[in-house]
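In: A predicted structure for the sequence below; I have some questions about it.
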Amino acid sequence: MLEKLPPSEIEIPVEQLLQTVARQYDLGNVYSWKLASQGVHDDAVFKLTTAQGVFALKVHSRYKTREVVENEVIGLTKFLEGGIPVPKIINHQGSFICEIKIEQHPILLHLTEYFDGQDFITRPPTQDDFLVLAWYLANIHNQSFKVHKAEQGYWTSGIADLPALFEMKKPMLSQIDINLIGSIAQRFSDLRLSRFTRSIIHGDFNRTNALRNSTGEYCIIDLGCIDFNIALIDLAVFLAWFLDIPTSEPVAWQMYNLALNEYARISKIRSAELKYLPLFIQAVYAMYILDCGYSTEEWMSTDGTIQKWLDFSRKSMVGSQVWLKIMDSWSGQPPGHRV
């Protein structure tokens, strides 16, 4: 049983925290609770079963600025208004952010209705799932609202820094990974990212952050990396983790084209940018390999899930190299994009 929650080195008694939240939100008795997830940045999400229903409580790391937390709750409200399925956030005394103190430590948190669904690691996506989620991602990129300028998210900052990260870690890389990543890092260093279209982005649209329930309803979760940034990076992250290139590259290529057609129904991509999408997808895998395969965090080297996705990333980089050649040779409208 977890007795204390360590959001960034502050030990907080969980029972005390949850009872305080229940009082603040008038939830009545807390019948049961479960730590649903705890991210690498020490955010924690609890599933709470209470007298007023079932809720998801997100406790934000003290390393997060208030602006980053505000961006997430802004995204939850605006996405829902825009027809994008996200958990409904619960108002707390006129605000969607609740600030409480436990043992003199200020804690920011927010509460949403709990969505009872499976992610797409537990349940691999079907073609219909894939196309529906591509449509929702395009809808996200079409949203028009302001967010605070905050620190860049994991993927947006990491991919932009790929050439520097490769050079920094090159002495410790295997020759296989040098061969895989070196040319991608070089090609990326030649890009002028400032010229790419920016929009509201999810920031981490991977298989764990989309859910589907038993009745076929979808829910997009974890808006902690929401930003106004390069839309193509967001699209590349989605495609990189939802496509199954190692199992069948031809099928993945077909799905890639179907996804872009569906995406283009809502949000247009300039052909000059679309040409670079396979490169951005390669960059997603490359960054994951550099960040997780050569981390100083000892636990990463023994974590079975991380090792699985490292293997997936390397095989996907090899399998999708032909996509770079197809795009490089395309002189007109790139394949997979319907005007």
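Out: The structure has been received and is ready for your questions.
In: Spit out the contact partners of residue 30.
Out: In this structure, residue 30 makes contact with 18-19, 22, 48-50, judged by Cβ atoms under 8 Å, 6 or more residues apart in numbering. Quick note: C-beta positions are derived from backbone N, CA and C, even for glycine.
In: could you redo the last one with a cut-off of 10 Å?
Out: 15, 18-19, 21-22, 46, 48-51, 55 (Cβ atoms under 10 Å, 6 or more residues apart in numbering).
In: now those: which count as buried?
Out: 18, 21-22, 46, 48-50, 55 (16 or more other Cβ atoms under 10 Å).
In: CSV for these, including pLDDT, secondary structure and distance to residue 130?
Out: Converted to CSV, the buried ones among the contacts of residue 30 look like this (pLDDT from 0 to 100; DSSP: H, G, I helix; E, B strand; the rest coil; distance: Cβ to Cβ, whole Å):
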residue, pLDDT, secondary structure, distance to residue 130
18, 92, helix, 37
21, 94, helix, 36
22, 95, helix, 39
46, 94, strand, 30
48, 97, strand, 32
49, 97, strand, 32
50, 97, strand, 35
55, 98, strand, 30
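In: Can you tell me what sits against the one helix or strand residue 316 maps to?
Out: Secondary structure assignment for residue 316, by DSSP states H and E: helix 304-319. If you take Cβ under 10 Å, 6+ apart as the criterion, helix 304-319 is touched by 121, 176-177, 180-181, 184, 206-207, 240-241, 243-250, 252-253, 281-289, 292-293, 295, 297, 299-301, 303.
In: Now stretch 111-128: average pLDDT?
Out: Stretch 111-128 comes out with an average pLDDT of 95.
In: sorry, back to before: now list the buried members of the contacts of helix 304-319.
Out: Here, 16+ other Cβ under 10 Å leaves 177, 180-181, 184, 206-207, 240-241, 243-246, 249, 252-253, 281-289, 292-293, 300 buried among the contacts of helix 304-319.
In: Those residues in helices, which ones?
Out: 177, 180-181, 184, 240-241, 249, 252-253, 281-289, 292-293 (DSSP state H).
In: Going by residue numbers, what spans are helices in the stretch 51-200 of the chain?
Out: For the stretch 51-200 of the chain, the helices defined by DSSP state H, counting those that start in this stretch occupy 66-81, 127-141, 154-160, 162-169, 175-189.
In: and those helices, which one's lowest on average pLDDT?
Out: helix 154-160 (a mean of 83).
In: contacts for that one?
Out: So helix 154-160 is in contact with 40-41, 151-153, 165, 188, 191, 193, 201-206, 224-225, 227, 229-230, 232-234, 236-237, 240, 280, 283-284, 286-288, 290-291, going by Cβ under 10 Å, 6+ apart.
In: Now that we have those residues, which of them are buried?
Out: 152-153, 165, 188, 191, 201-206, 224-225, 227, 229-230, 232-234, 236-237, 240, 280, 283-284, 286-288, 290.
In: Residue 103 reaches residue 20, doesn't it?
Out: No: in terms of Cβ atoms under 10 Å, residue 103 does not count as a neighbour of residue 20; the distance is 11.0 Å.
In: any residues in contact with both of these two?
Out: residue 13.
In: The two: which is more packed in?
Out: When residue 103 and residue 20 are compared for neighbours, residue 20 comes out ahead with 17 against 10, by other Cβ atoms under 10 Å.
In: For the closest residue in space to the more buried one that isn't next to it in sequence, give the beta-bridge partners.
Out: The shortest distance from residue 20 to any non-neighbouring residue, by Cβ to Cβ, 6 or more residues apart in numbering, is to residue 100 (5.5 Å). Beta-bridge partners recorded for residue 100 (DSSP bridges): residue 107.
In: measure residue 100 to residue 69 for me?
Out: Using Cβ to Cβ, to the nearest Å, one gets 13 Å for the distance from residue 100 to residue 69.
In: More neighbours: those two, which one.
Out: residue 69 (23 against 16).
In: show me the contacts for that one.
Out: Residue 69 neighbours (Cβ under 10 Å, 6+ apart): 43, 58, 60-61, 96-97, 99, 108-110, 148, 150, 224.
In: try residue 146
Out: Counting by Cβ under 10 Å, 6+ apart, residue 146 has contacts 71, 74, 78, 200, 228.
In: How many residues are close by the first one?
Out: The one in question is residue 71. Neighbour tally, residue 71, other Cβ under 10 Å: 25.
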